[in-house]
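Undergrad: Sequence and predicted model, in that order:
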Amino acid sequence: MDMSKVTIVDHPLIKHKLSIMRNKDTSCTKFRTLMNEISTLLAYEVTRDLELVEKEIETPMTTMVAPFLKESQIALISILRAGNGLLTGILNLLPSAKVGHIGLYREPETLVAIEYYFKMPNDISSRKALVVDPMLATGHSACAAIFALKKAKPKSITFVSLLASPEGIKEVQEQHPDVNIFTASIDEKIDAHGYIIPGLGDAGDRIYGTE
């Protein structure tokens, strides 16, 4: 596993909140709240390379040249459905970001990702794409989403997750060596059903209260 393109965002606040999310007794409401909080914290690290432009302003004391974010830099790409759980927290920091969606489901026998929906912002080619999905497990869904997204030609692609498995990271790196990965934790492994161990269960089910 090449760690040169992998960033583990292991801030104590993230570790604490993630531990609560892992607990099987954490309620759906609390789980969603923590997801929003962690995604905001992850976004601070993921957006370190955003471009700035300088503009002259007047403070109450004097004039100065001040740094501002360059507009129209980011597109958030959610892998449905669980990816939507990460959107709100990131959009709180980046309200000008546009949002795309890629719908994928995992074939239960082969674990192959099947695409059923694809909708991107019309200016995606001028933006950096942050692909969001709480779990990077087998890597099949991530790789399928990235392949589809590359056809739209964003300026760059970064994958953002709460949890990742070594197997998932390896799969993405083999198929998409140009993609950076940001995650809050690299867990032990995946099981025979493609779930991350120790993980936190099915993120989509725990966000939306389904089974």
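TA: Nice, I can see it. Numbers count the residues shown, from 1 in each chain.
Undergrad: what's the helix or strand hosting residue 157 packed up against?
TA: Using DSSP states H and E, residue 157 maps to strand 156-164. Other elements packing on strand 156-164 under the criterion 3 or more Cβ pairs under 8 Å, 6 or more residues apart in numbering; DSSP states H and E are helix 12-22, helix 28-46, helix 84-93, strand 128-132, strand 135-136, helix 140-150, strand 180-186. From N, CA and C alone the C-beta is placed, and that goes for glycine too.
Undergrad: List the buried residues for the longest one?
TA: What that stands for is helix 28-46. Using 16 or more other Cβ atoms under 10 Å as the burial criterion, the residues of helix 28-46 that qualify are 31-43, 45-46.
Undergrad: Output the contacting helices and strands for that helix.
TA: Helix 28-46 is packed against helix 12-22, helix 84-93, strand 156-164, strand 180-186, helix 203-208, with contacts defined by 3+ Cβ pairs under 8 Å, 6+ apart.
Undergrad: Pipe these into JSON lines and attach distance to residue 66, mean neighbour count and mean pLDDT per row.
TA: Putting the helices and strands packed on helix 28-46 into JSON lines (distance: least, Cβ to Cβ, whole Å; neighbours: other Cβ atoms under 10 Å; pLDDT from 0 to 100) gives the following:
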{"stretch": "helix 12-22", "distance to residue 66": "29", "mean neighbour count": "15", "mean pLDDT": "96"}
{"stretch": "helix 84-93", "distance to residue 66": "19", "mean neighbour count": "20", "mean pLDDT": "92"}
{"stretch": "strand 156-164", "distance to residue 66": "26", "mean neighbour count": "24", "mean pLDDT": "96"}
{"stretch": "strand 180-186", "distance to residue 66": "28", "mean neighbour count": "21", "mean pLDDT": "97"}
{"stretch": "helix 203-208", "distance to residue 66": "38", "mean neighbour count": "19", "mean pLDDT": "89"}
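Undergrad: will you turn these into a markdown table that also has distance to residue 109?
TA: Below are these laid out as a markdown table (distance: least, Cβ to Cβ, whole Å):
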| stretch | distance to residue 109 |
| --- | --- |
| helix 12-22 | 28 |
| helix 84-93 | 26 |
| strand 156-164 | 24 |
| strand 180-186 | 27 |
| helix 203-208 | 19 |
